[in-house]
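>>> I would like to see how this sequence folds:
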Amino acid sequence: MRRVIGLIGFLSLLFASQWQVSSAHAFQQVTFGFDNVATPFTTGDERTSQTNLWVLEAQFKSLRMRLVELPDPKSGELKKEPVVYFVFRVINRGLGETKDESDTDPTNKFDEEVAAPQFVPEMTLVTSDNDQQKIYPDVIIPAAQKIITEREKSKLPPGVTLKNLVAMSGSIPEVTPPEANAKQVKAMYGVALWRGVDPEADYFTIMMSGFSNGYKLVRGPVDYQTLVDRVKEGKLNFSDQIWDGKTIWKAASETYNLFNERKPAPADTASKIWFYTTTHDRVTKDEEKPIVWRKTLIQRFWRPGDGIDPQEVEFKLLGEPEWIYQPDDVQIPVAAPPNQKVAPKKPLAAKPAAAENAKPADDAQKAE
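Numbers count the residues shown, from 1 in each chain. This next block holds a predicted model:
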C-alpha cells in the first residue's frame, strides 16, 4: 500500500513539474523574451501643450553580442569582430481618452494629419568607462543582420523578421486596443547594430529617438531672476514649462513665486540653472532662436566583465527605461545616472536629469 501511495505521489510531482514547464514555455511563447517594457508615459502638461502628441510603447531584450566575420574598414581583410545588437519591438497603445481639466486653451493647436504620423527610429549607444564617454550611432551591417536574424528567429513570433532602423521607417503602427490578445497585437520588430564598441566599457546607455513626436521649444540656461523678469515683461506664460536642470519639467504657474509672490522662492537659486519653454508664435527675429528638445527614451546597461574576454551574458539592465527631453544637437543623454548599488570604477560627473517621470532605479537585473 505504501508503495502505491508513494508511486501516486511521485506521478503527481512529475505531472506538476511537466505542467510548470509547459506553462513556462507557453508564457515564453507569448512574450518571446520582450519582457522589458517602456510604457508610453505622458503628463497632462505635455498633452495640453501638444494636441497631436503620440508615444509608442517599446519592448526590448537586453543588449547582446555576436562575433561576425566582417571586412576590416582599412585593409578590407575579413576578420571576426564583436557586433553589439539590440532587439526590440514597438506597439502603438494610443494615449487613451483624457479629460482636459485645465481652464486654458492648448498651447499649440495642430491641423488634422494629412498622412499617418511617421515613425523614424534612431538609436545611439553611449559608453562610459574611466571618465570617458564614447558615442556610437547605429549602423547597417547586412552580413551581421543576416546572422543575427537567423540566431534570433526561434525567439520571435512565427513569420516575423527583424528589420534595421531604415527599413522600419514609415507610418507608425495602428493602435492596438486594450482588449487585444497576444495574437492581435500590431507590433513592429527591429534590431539596432553597433560595431567597434569599446571592449573596456562598463556602462552603456541606449538613446532611442523617434519613438514619440513630443517636443518642446526651449530657452536657457538662465538664472532664476531672468525667469522673474520674463514674467514681468509678459514673455513667460502660465502654460509655459520650467525645468531646474535637476528634477522634472513643471508648469510655470506651479513653480515657486513666479506668478504668486506669496509663494516662497526656491532656496538654492544660485546653484541651479533654469530652462523654460516658449511657442512658435512668440519667437521673434530680435531674440535668439529656441532649441528644439525632443522626447527620447533611454535605457542603461552595465557589464561587470573585462575587455579581454567580453561575454554577452554579462550585459545587465541598470534601472528602468526613462522618457526624457533631449536637445536636438546633443548626443549624450542630459540625464543623471540613476542611483545604483553597483558604482562605476571612476564615477562620472552627474548630468542634470530631464526626465518627465524620473524614477529610482531598481537593482541591476540579469540580462535575458
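>>> what bridges to the residue nearest to Glu57 when sequence neighbours are not counted?
Nearest non-adjacent residue to Glu57, counting by CB to CB, 6 or more residues apart in numbering: Ile91, 4.6 Å away. C-beta coordinates here come from the backbone N, C-alpha and C atoms, glycine included. According to DSSP bridges, the residues that bridge with Ile91 are Glu57, Ala187.
>>> residue contacts, Ile91?
Counting by CB atoms under 8 Å, 6 or more residues apart in numbering, Ile91 touches Leu56, Glu57, Gln59, Pro173, Thr176, Val185, Lys186, Ala187.
>>> now do the contacts for the fourth one.
In other words, Pro173. Leu56, Val90, Ile91, Asn92, Phe119, Lys186, Ala187, Met188.
>>> now for Thr51, how many residues are close by?
The local packing of Thr51 (other CB atoms under 10 Å) involves 13 other residues.
>>> actually, Pro266.
Neighbours of Pro266 (other CB under 10 Å): 14.
>>> so who does it touch?
Pro266 neighbours (CB under 8 Å, 6+ apart): Tyr224, Asp244, Tyr256, Lys272.
>>> for these, which one is nearest Arg47?
Asp244 (22.1 Å; CB to CB).
>>> burial count for the nearest residue to the closest one once chain neighbours are set aside?
Nearest in space to Asp244, with sequence neighbours left out and distances taken as CB to CB, 6+ apart, is Lys272 at 4.9 Å. Per other CB under 10 Å, the neighbour tally for Lys272 reads 17.
>>> for Lys289, same thing?
Here the count is done by other CB under 10 Å, and Lys289 has 10 residues near it.
>>> which pLDDT does the model give it?
Looking at Lys289, its pLDDT stands at 89.
>>> for the one 10 residues further on, same thing?
Looking at Gln299, its pLDDT reads 96.
>>> in three-state terms, label it for me.
Classification of Gln299 by DSSP: H, G, I helix; E, B strand; the rest coil places it in strand.
>>> centre-most residue in the protein?
When CA atoms, centre = their mean is applied to the chain, the residue found nearest the centroid is Leu297 (2.1 Å).
>>> pretty sure it sits against Glu320.
No - using CB atoms under 8 Å, Leu297 makes no contact with Glu320, being 11.0 Å away.
>>> picking that back up, what's the residue nearest to Asp244 sitting at in phi/psi?
Per-residue torsions, Lys272: phi -120, psi 150 (degrees, to the nearest 10).
>>> mind listing what it touches?
So Lys272 contacts Tyr224, Asp244, Gly245, Lys246, Pro266 (CB under 8 Å, 6+ apart).
>>> what about it, distance to Ile242?
Distance, Lys272 to Ile242, using CB to CB, to the nearest Å: 11 Å.
>>> Pro121 too?
Distance from Pro121 to Ile242, by CB to CB: 30 Å.
>>> same question for Asp131.
Counting by CB to CB, the gap from Asp131 to Ile242 is 31 Å.
>>> please identify which of these two sits among more neighbours.
Relative neighbour count places Ile242 above the other of Asp131 and Ile242, with 21 against 11, counting by other CB under 10 Å.
>>> quick one: least confident of the contacts of Pro173?
Lys186 (90).
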